[in-house]
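Participant: okay, here's the prediction I keep looking at, along with the sequence it came from:
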Amino acid sequence: MGGGIVLSSLEETHRFGEALACCLKPNAILALSGDLGSGKTSFVQGVAKGLGIFSPIQSPTFIYLNVYEEGKVPFYHFDLYRLKNESDFWNMGFEEYFEKGGITAIEWPEKLGETLPKHCLFLQFSHAEKGRIIHFPSSFDSEMLDFLKKWH
């Protein structure tokens, strides 16, 4: 994968998320890191479309979580940008969403420190000269690896 996957436009970021959604299994957790404006929410919009969700997707910055149930599986979209500390997340009982048979996307997962489940797929978004780059700092199964090789 070398330097990651370069996505040159908003549309390509959406398409990548949509295509990746087809590889995700129930209870998959996507941990999305990167600066503001680096493409995390755009990617989430694509994942939602790939899951058959056509409601408008926006980051739940002030409420932490948006739940979408009209797709193939439930989709849980967290934005933890304003979270003060990881204990607040666990005290609100949000971990129940990790095992409800849906797909979870977490923007700003670093707010949870080392307490995220081990089976998360980490995606690191960064700005590129034209568009953005996504790096995959975690390991993943062979089906996902095949998908990434084909996309690349």
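Facilitator: Thanks, I have it.

Participant: what's the neighbour count on residue 63?
Facilitator: For residue 63, the neighbour count with other Cβ atoms under 10 Å is 10. Any C-beta I mention is one placed from the backbone N, CA and C, and that applies to glycine too.

Participant: same deal with residue 135?
Facilitator: Residue 135: 17 neighbours (other Cβ under 10 Å).

Participant: tell me the bridge partners for it.
Facilitator: residue 124 (DSSP bridges).

Participant: ok, it touching residue 123?
Facilitator: Yes. Applying Cβ atoms under 8 Å, one finds residue 135 in contact with residue 123, separated by 7.4 Å.

Participant: how near is residue 19 to residue 86?
Facilitator: 31 Å (Cβ to Cβ, to the nearest Å).

Participant: check residue 69 too.
Facilitator: Taking Cβ to Cβ, one finds residue 69 at 27 Å from residue 86.

Participant: what does residue 96 give?
Facilitator: Separation of residue 96 from residue 86 (Cβ to Cβ): 16 Å.

Participant: between those two, which has more neighbouring residues?
Facilitator: More crowded of residue 96 and residue 86, by other Cβ under 10 Å: residue 86, with 16 against 9.

Participant: how about the contacts made by the closest residue to the more buried one other than its chain neighbours?
Facilitator: Excluding its sequence neighbours, the residue lying closest to residue 86 (Cβ to Cβ, 6 or more residues apart in numbering) is residue 112, at 4.7 Å. Residues near residue 112 by Cβ atoms under 8 Å, 6 or more residues apart in numbering: 80, 86, 89, 106.
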